[in-house]
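S.K.: predicted model, plus sequence, below.
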Amino acid sequence: MNYSAAVFAIAGLLLLLAIAWLAFSETRRRTKFVRNGRRERPGLHISHLPQIKRALANSDFMYLRDHGHPALAKRIRKERRRIALSYLACLRVEFERLLHLARMVAVMSPHVAVAQEVQGLRLNLEFSYRYYLIYFRLVSGIAPLEAIGNLSDMVSALTVRMETAMSELGEQAVLAAELLAHNGGRLDAGG
Amino acid sequence: MQLALSAILITFRHFRRLPFFMAYVCLNVAQGLFLYGIYQHYGQYSYAAAWWSEAITLLARLFATVEILHLVLIPYRGIWGLAWRVVAGTSLVMLIFVVAASQGRPDLALMRADRGYHLIFATTLISCLALIRYYSIRVENAYKALLVGFCFYSCVKILLNTVLYDFLYRQHSQYTFLWQILSVAPYLLVLLFWSAALAHPLPEMREQQAVLPTSVYQWISPEINLQLLAINKQLMNFFKIEEEPQQ
């Protein structure tokens, strides 16, 4: 089989896998805005930022180590790292919710700018890449735990600005949430 | 199977909303009869006519697919406009790829053109489905079945035209027979799938979902992108900041 045939065969196989994925895969993680008829409060995890930051502070570990409890310091560090990772996952959910809101605005708009959408997609991919980079560095223990504070600050700022923007939309924002609820907050193409 | 599908389309009056799809199915039936007739009279000399008839059905399939995508996306005017651009861009890129990758023997030009068409078609359709998924747009089961069926068959044709030819062309005396069997079997499967999906009334047409004025999008979208850009810039410096000596 020559080079060209191999390329076409691989392309055909990849396309077959792609259509199978689009047709049968579970729809993407749902991000619910509405639960039991009531809007979920945004920034739920962001509001826990001070406690998380406090839990990640080095002072506790240094105190325990300096007072002769290295094993306890190690155990607490391990537990807090686990909490930090959970927190990081929650931040991602909130980040995705904001992106989802942006997509809903695009869906309901009569005109969509290609450049804006492409830029949004590119930035989203970049964020995902960097998020996982930080995630794995945290998991492997080669990143300081305090680093997570920066990420949460960024998401917090975005949440506040988006909330301000959406509140100014008034009734239109309510319509957006209703439409999202109608769609079940999910991606139904091929799934 | 094609006749059964035509009967379903007529019984449930789907031809009103899917006229191009109906035309595609009818053209396939007509193509079958045409090919049977000319092979009876002209045998191997009917080769060119067979390919021409194939080109017509491929064109009809293209129109049918655009019709279904239009039905799915018409309530979302902005996304429909975006989808058109995705279709045009993907098709152009894939066309360049196909032309570049299909150089060689002139006697295989028609087969390679067929394979190239299916590759462009499948890639473009998958891009559109990915776009629909990205924007959380709901696709009714009947339309989803039609689109997935088209795409599945194109992928199978790419593999058949590539792998089967290269593996069996010189080695197997029954290559043509095998190729026909392996082409027809997936198509029958797709027809069965479509028949099952269309044996129900089609869902009601959705109302226009574009309820926001354009100015809202023009305001919100750049705002979000600016925020994302700022976050990404900070993420780039994430470890640099944190690696500073801690007090």
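M.R.: Structure's in. What do you need?

S.K.: what packs against the strand or helix carrying residue B:112?
M.R.: Assigned by DSSP states H and E, residue B:112 belongs to helix B:109-134. Applying 3 or more CB pairs under 8 Å, 6 or more residues apart in numbering or on different chains; DSSP states H and E, we find helix B:109-134 packed against helix A:3-24, helix B:47-73, helix B:77-101, helix B:141-159. To be clear about C-beta, it is placed using only N, CA and C from the backbone, and glycine gets the same treatment.

S.K.: may I ask which helix or strand of chain A has the lowest mean pLDDT?
M.R.: Lowest on mean pLDDT, DSSP states H and E among the helices and strands of chain A sits strand A:34-35, with a mean of 41.

S.K.: wasn't residue B:136 part of a helix?
M.R.: No: remark: residue B:136 does not belong to a helix; assigned using DSSP: H, G, I helix; E, B strand; the rest coil, it is coil.

S.K.: just the helices in chain A please.
M.R.: A:3-24, A:49-56, A:58-66, A:70-107, A:114-140, A:147-169, A:171-182 (DSSP state H).

S.K.: contacting residues for the spatially most central residue of chain B?
M.R.: Centroid check for chain B by CA atoms, centre = their mean gives residue B:125 as the closest residue, at 3.7 Å. Taking CB atoms under 8 Å, 6 or more residues apart in numbering or on different chains, we find residue B:125 in contact with B:65, B:147, B:150, B:151, B:154.

S.K.: tell me, which of the residues you listed make contact with chain A?
M.R.: B:147, B:151, B:154 (CB under 8 Å from any CB of the partner chain).

S.K.: flag every buried residue along the helix holding residue B:112.
M.R.: The neighbour-count check on helix B:109-134 (16 or more other CB atoms under 10 Å in any protein chain shown) flags B:110, B:112-134 as buried.

S.K.: stretch A:104-119 now?
M.R.: A:104, A:105, A:106, A:107, A:108, A:109, A:110, A:112, A:113, A:116, A:117, A:119.

S.K.: now narrow the residues you listed to whatever sits close to chain B.
M.R.: A:104, A:105, A:106, A:107, A:108, A:109, A:110, A:112, A:113, A:116, A:117, A:119.

S.K.: and the pLDDT at the second one?
M.R.: At residue A:105 the predicted local distance difference test score is 81.

S.K.: distance of it relative to residue A:127?
M.R.: 18 Å (CB to CB, to the nearest Å).

S.K.: ok so, going back, turn the helices and strands packed on helix B:109-134 into a markdown table, columns for mean pLDDT, mean neighbour count and distance to residue A:137.
M.R.: As requested, the helices and strands packed on helix B:109-134 are exported to a markdown table (pLDDT from 0 to 100; neighbours: other CB atoms under 10 Å in any protein chain shown; distance: least, CB to CB, whole Å):
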| stretch | mean pLDDT | mean neighbour count | distance to residue A:137 |
| --- | --- | --- | --- |
| helix A:3-24 | 86 | 17 | 29 |
| helix B:47-73 | 87 | 17 | 41 |
| helix B:77-101 | 86 | 17 | 35 |
| helix B:141-159 | 90 | 23 | 39 |
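
S.K.: as a markdown table, those helices with distance to residue B:9 would be great.
M.R.: Shown next, in a markdown table, are those (distance: least, CB to CB, whole Å):
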| stretch | distance to residue B:9 |
| --- | --- |
| helix A:3-24 | 22 |
| helix B:47-73 | 11 |
| helix B:77-101 | 25 |
| helix B:141-159 | 11 |
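
S.K.: any idea which of those gets closest to residue A:138?
M.R.: helix A:3-24 (29.0 Å; CB to CB).

S.K.: so what touches that closest one?
M.R.: Identification of contacts with helix A:3-24 by CB under 8 Å, 6+ apart yields A:1, A:189-191, B:101-104, B:115, B:119, B:122-123, B:126, B:129-130, B:133, B:144, B:148, B:151-152, B:154-156, B:158-159, B:161-163, B:165-166.

S.K.: what's the angle between that helix and helix B:109-134?
M.R.: 30 degrees (axes from the mean of the first three to the mean of the last three CA atoms, to 10 degrees).

S.K.: put the alpha carbons of helix A:3-24 into CSV.
M.R.: Output of helix A:3-24 as CSV, limited to C-alpha atoms (Å, rounded to 0.1, in the frame of the first residue of the first chain):
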residue,chain,number,x,y,z
TYR,A,3,1.8,6.5,1.0
SER,A,4,-1.2,8.2,-0.5
ALA,A,5,-3.4,5.1,0.2
ALA,A,6,-2.2,5.0,3.8
VAL,A,7,-3.1,8.6,4.3
PHE,A,8,-6.6,8.1,2.9
ALA,A,9,-7.1,4.9,4.9
ILE,A,10,-6.1,6.6,8.1
ALA,A,11,-8.3,9.6,7.3
GLY,A,12,-11.3,7.3,6.6
LEU,A,13,-10.7,5.4,9.9
LEU,A,14,-10.4,8.6,11.9
LEU,A,15,-13.6,10.0,10.3
LEU,A,16,-15.4,6.8,11.1
LEU,A,17,-14.3,7.0,14.8
ALA,A,18,-15.3,10.7,14.9
ILE,A,19,-18.8,10.0,13.6
ALA,A,20,-19.1,7.1,16.0
TRP,A,21,-18.1,9.4,18.9
LEU,A,22,-20.5,12.1,17.8
ALA,A,23,-23.3,9.6,17.4
PHE,A,24,-22.9,7.5,20.5
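
S.K.: report the angle between that helix and helix B:141-159.
M.R.: 160 degrees.

S.K.: ok but residue B:206 is inside a strand, no?
M.R.: No: applying three-state DSSP, one finds residue B:206 to be coil, outside a strand.

S.K.: just give the closest residue to it, not the sequence neighbours.
M.R.: residue B:75 (4.2 Å; CB to CB, 6 or more residues apart in numbering or on different chains).

S.K.: again, but for residue B:120
M.R.: residue B:94 (4.3 Å).
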